[in-house]
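# What shape does this take:
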Amino acid sequence: MGPATLTVSSPGRICLFGEHQDYLGLPVIAAAISRRISIEGTRRSDDRMVLKLPDIGSEVSFSLGGALPYAEERDYFRSCINVLQKHGHHFSLGYDCTVRGNIPINAGTSSSSALVVTWIHFLSYVSDYPVALSQEDIGKLAHEAEVLEFSEPGGMMDHYSTALGGLIYLESHPQMMIAPLEGALGAFVLGNSGENKNTKGILGRVKAEVSEAAAAARKMYPEFSFHRTMPEQLADLRKRLDKRQYDLLEATFVNRTITLEARKILQSSMIDRKKVGSLLNEHQARLRDVLRISTPKIDSMIEAALKAGALGAKINGSGGGGCMFAYAPENTKQVAEAVRVLGDAMTIEIDRGTYKEPLEN
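Below is the predicted model:
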């Protein structure tokens, strides 16, 4: 039997480097941020799960018992229970829960993944035989519940980042490898454009375009690989692929190189902050001009942040709207004010991962 009352909290995240790379099996660098979502629950005497979501004026309720049919697209509250049941967890008693958060919703800061991570973590404590899952296990199960259960095109970055917290380097090929990066980066400014984004549609489009370009390259160069092919080897393909296909592959390889270079910098005890900013700007240029995931408003917010003293800035998440962030360890207030002229702005720092309250050490 689970506890009578329970609160679990998880952070949102920003992707510093490797945007649109993780679902290709390429490395990413992500950071959990000081904007969080929490689930507070009180045990009931029946098998009913009742979840109130006052931030969006919604409520979800259902009875436990066996595999739960999905009532809507991306029915995460039920999918998490179904996934945990597949892994041997059982649930008999329900909970009255309240879900609250201050992570921008549908804006590229992983509000949905933070919700799924929090719910998985919460459920691990309230199952009939509670199990203390590791943060890495929580991330893996959350990815299964959000992405695999609904055959979505997303990668693993969001779930591991929000579960583990901090600043992490993640590789999923040839096997999962996660390494914490300990360097102190300082403050960021997160800017929300307020533009609605179609995460599933954009992820699907970019993944399909890059995959088609890679398939065309393999017809001419069977050993072509995102993991082993070197950027200079692309020169042979420049005249054999159409320009759009070549540009997509080149951008993918350049972004891979940027991520690996950033990892070296962020492993240092003395971080070159200006270089970090420069790499963010290089990454953004390819996301904007080649992957075409930025928007005019976000471009304007980035330009305003840079003019106000940010060291670098980029769109955050799948793109097509949502948030950008500026790296502003200095001039933080001025950068926030400049971004706020065009949209919402908030100062954020790197935060810890999912935890049960009171804070677990």
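
# Could you pull out the strands in the stretch 201-350 of the chain for me?
Taking DSSP state E, counting those that start in this stretch to define them, one finds strands in the stretch 201-350 of the chain at 312-315, 323-327, 344-348.

# Give me the distance from the lengthiest strand in the chain to the chain's centre.
Longest strand in the chain by number of residues (criterion: DSSP state E): strand 28-43. A distance of 12 Å separates the centroid of the chain from that of strand 28-43, by CA atoms, centre = their mean, to the nearest Å.

# Give me whichever of the strands of the stretch 201-350 of the chain is most buried.
strand 323-327 (a mean of 30; mean count of other CB atoms under 10 Å). The C-beta positions use only the backbone N, C-alpha and C, and glycine is treated the same way.

# Tabulate the strands of the stretch 201-350 of the chain in a markdown table, adding columns for distance to Val126.
Formatted as a markdown table, these follow (distance: least, CB to CB, whole Å):
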| stretch | distance to Val126 |
| --- | --- |
| strand 312-315 | 37 |
| strand 323-327 | 32 |
| strand 344-348 | 30 |
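
# Next, format those as CSV and append distance to Gly139 and mean pLDDT.
Formatted as CSV, the strands of the stretch 201-350 of the chain follow (distance: least, CB to CB, whole Å; pLDDT from 0 to 100):
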stretch, distance to Gly139, mean pLDDT
strand 312-315, 23, 98
strand 323-327, 21, 97
strand 344-348, 21, 97
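
# in this structure, which residue is closest to the centre?
Asp158 (2.9 Å; CA atoms, centre = their mean).

# Over to that residue. Which of the three states is it?
helix (DSSP: H, G, I helix; E, B strand; the rest coil).

# same deal with Ile56?
Ile56 is classified as coil under three-state DSSP.

# ok, now which ones touch the spatially closest residue to it that is not a sequence neighbour?
Sequence neighbours aside, Ile105 is the residue nearest to Ile56 in space, at 7.2 Å (criterion: CB to CB, 6 or more residues apart in numbering). Each residue near Ile105 by CB atoms under 8 Å, 6 or more residues apart in numbering is listed here: Asp55, Ile56, Ser111.

# for Gly166, same thing?
Going by CB under 8 Å, 6+ apart, Gly166 touches Ala31, Ala32, Pro180, Leu181, Ile350, Asp351, Arg352, Gly353.

# Could you give the bridge partners of Val99?
Beta-bridge partners recorded for Val99 (DSSP bridges): Ile39.

# can you count the residues close to it?
23 (other CB atoms under 10 Å).

# How much space separates it from Gly317?
According to CB to CB, to the nearest Å, Val99 stands 21 Å off from Gly317.

# ok, now Ala305?
Taken as CB to CB, the span from Ala305 to Gly317 is 17 Å.

# cool, Thr257 as well?
Thr257 is 22 Å from Gly317, by CB to CB.

# can you state the direction angle for the helix or strand containing Lys52 and strand 28-43?
Assigning secondary structure by DSSP states H and E places Lys52 in strand 48-53. For strand 48-53 against strand 28-43, the angle by axes from the mean of the first three to the mean of the last three CA atoms, to 10 degrees is 120 degrees.

# Identify the residues contacting the residue nearest to Ala107 when sequence neighbours are not counted.
In space, and not counting its chain neighbours, Ala107 is closest to Gly322: 3.8 Å by CB to CB, 6+ apart. By CB under 8 Å, 6+ apart, Gly322 lies in contact with Pro104, Asn106, Ala107, Gly108, Thr109, Asn192, Ser193, Glu195, Lys197, Ile315, Asn316.

# List just the nearest of those to Tyr221.
Lowest distance from Tyr221 to the contacts of Gly322 (CB to CB) belongs to Ile315, with 31.0 Å.

# Just the buried positions in the longest helix along the chain, please.
Criterion DSSP state H: the longest helix present in the chain is helix 243-266. For helix 243-266, the buried set under the neighbour-count rule, 16 or more other CB atoms under 10 Å, comprises 245-256, 258-259, 262-263, 265-266.

# which strands and helices sit next to it?
strand 5-17, strand 28-43, strand 167-171, helix 199-220, helix 273-289 (3 or more CB pairs under 8 Å, 6 or more residues apart in numbering; DSSP states H and E).

# Relative to the whole chain's centre, how far out is the fourth one?
Meaning helix 199-220. 20 Å.

# If you count neighbours, what's buried in it?
Residues Thr199, Ile202, Leu203, Arg205, Val206, Lys207, Glu209, Val210, Ala213, Ala214, Ala216, Ala217 are the ones in helix 199-220 that count as buried (16+ other CB under 10 Å).

# who's in contact with that helix?
Outside helix 199-220, the residues touching it (CB under 8 Å, 6+ apart) are 20, 23-24, 106, 108, 152-154, 224, 226, 237, 240-241, 244-246, 248-249, 252, 291, 293, 317-320.
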